[in-house]
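Q: predicted model follows, preceded by the sequence.
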Amino acid sequence: MFRLLVVLMSLLPFWLWGEEPDWTPYAKLLERHLSSQSKNNVSLNMVAYGKVKEDPLFAKVLEMVANHPADKLTTPAEKMAFYINAYNIMAIKVVVDNWPLQSIRDAGGFITPVWKVKVGVVAGQEVHLDLIEHKILRPMGDPRIHMALVCASVSCPDLRAEPYTAARLSQQLDNQTTVFLNNTGKGLRLEGKEAQVSVIFEWFGQDFESQGGVDAFIQRYHPLPEKVEIHAGMPYDWSVNGQ
């Protein structure tokens, strides 16, 4: 029976076979150049951008992301995991290409902000960061992506120390959300009867409506005492999340 199943599977068109990249080079890159530190009194995972720039492994990661066929990402989880990783890798590339700099926003200008600057190729398509975030990932309808996309800034959620994968995606996103909301420097901070949360929840408030709204989403991952009011008022530090 098993052999018959293998034969039948081999007859299916290749696009019915889900296939993620081998993220091993990216995992090794993170292991080499990501470390838990603090900057501007905020705890975060810091990227050693200067060392990434000199590491030949980064070119392999970029090549892998550029050449992986989009039509092999056949499930929503495969597609989401791939493009979250791709966004974060492209954000690293923006900084590396312009290193040294104080903020990722310095890589853009008034007329063309950095989010609209074409940065590289993902799955055979030339992209900018806004395209990945707003045209591919946000329409997939899972607001937890906002806890995983890292725009190379101190107040962004932390760059995860491992690649996202389809098999573990939901668990990883849940963990990312919990970790972010537990970070009092940029995720959530209690101030008496108020909880100040990241302005990310204001910028993308509509994305959380499918989860009952921002308050319900936050309570699910970071339960708060009764009568605590939630305000998206934490200042956003655009300083680069590295050195």
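A: Perfect, I can see it now.
Q: run a quick neighbour tally on the spatially closest residue to residue 149 that is not a sequence neighbour.
A: Spatially, and ignoring its direct neighbours in sequence, residue 149 is nearest to residue 87 (5.3 Å; Cβ to Cβ, 6 or more residues apart in numbering). Using the backbone N, CA and C atoms, a C-beta is placed for each residue, glycine as well. Here the number of neighbours of residue 87 (other Cβ atoms under 10 Å) works out to 23.
Q: residue 87: what secondary structure?
A: helix (DSSP: H, G, I helix; E, B strand; the rest coil).
Q: residues contacting it?
A: 129, 132, 133, 137, 149, 150 (Cβ atoms under 8 Å, 6 or more residues apart in numbering).
Q: with the residues you listed in mind, which one is nearest to residue 119?
A: Closest to residue 119 out of these is residue 129 (6.7 Å), distances taken as Cβ to Cβ.
Q: that closest one contacts residue 91, correct?
A: Yes - with contact defined as Cβ atoms under 8 Å, residue 129 and residue 91 form a contacting pair (6.4 Å).
Q: list the residues that contact both of these two?
A: residue 151.
Q: state the distance from residue 221 to residue 231.
A: 17 Å (Cβ to Cβ, to the nearest Å).
Q: distance between the ends of stretch 176-191?
A: Taking Cα to Cα, to the nearest Å, the first and last residues of stretch 176-191 lie 23 Å apart.
Q: not counting that stretch itself, show me its contacts.
A: Defining contact as Cβ under 8 Å, 6+ apart, one finds that stretch 176-191 is touched by 41-44, 144, 147-148, 154-158, 160, 195-198, 218, 221-222, 224, 228, 234, 237.
Q: one more time with 6 Å
A: Residues outside stretch 176-191 that contact it (Cβ atoms under 6 Å, 6 or more residues apart in numbering): 42-43, 144, 147-148, 155, 157, 195-198, 221-222.
Q: counting neighbours, which of these comes out on top?
A: Neighbour counts for these, by other Cβ under 10 Å, peak at residue 148, which reaches 27 neighbours.
Q: hang on, isn't that one packed against residue 83?
A: No - shown here, residue 148 and residue 83 do not form a contact pair, counting by Cβ atoms under 6 Å, at 10.3 Å.
Q: could I get the pLDDT score of residue 143?
A: On the pLDDT scale, residue 143 is placed at 98.
Q: for it, give me its contacts.
A: With contacts defined as Cβ under 6 Å, 6+ apart, residue 143 is in contact with 207, 208.
Q: do you know how far it is from residue 77?
A: Taking Cβ to Cβ, one finds residue 143 at 16 Å from residue 77.
Q: and the residue positioned nearest the centre of the chain, what's its pLDDT?
A: With distances taken as Cα atoms, centre = their mean, residue 149 lies nearest the centre of the chain, 2.2 Å away. On pLDDT, residue 149 comes in at 98.
Q: cheers, nothing more for now.
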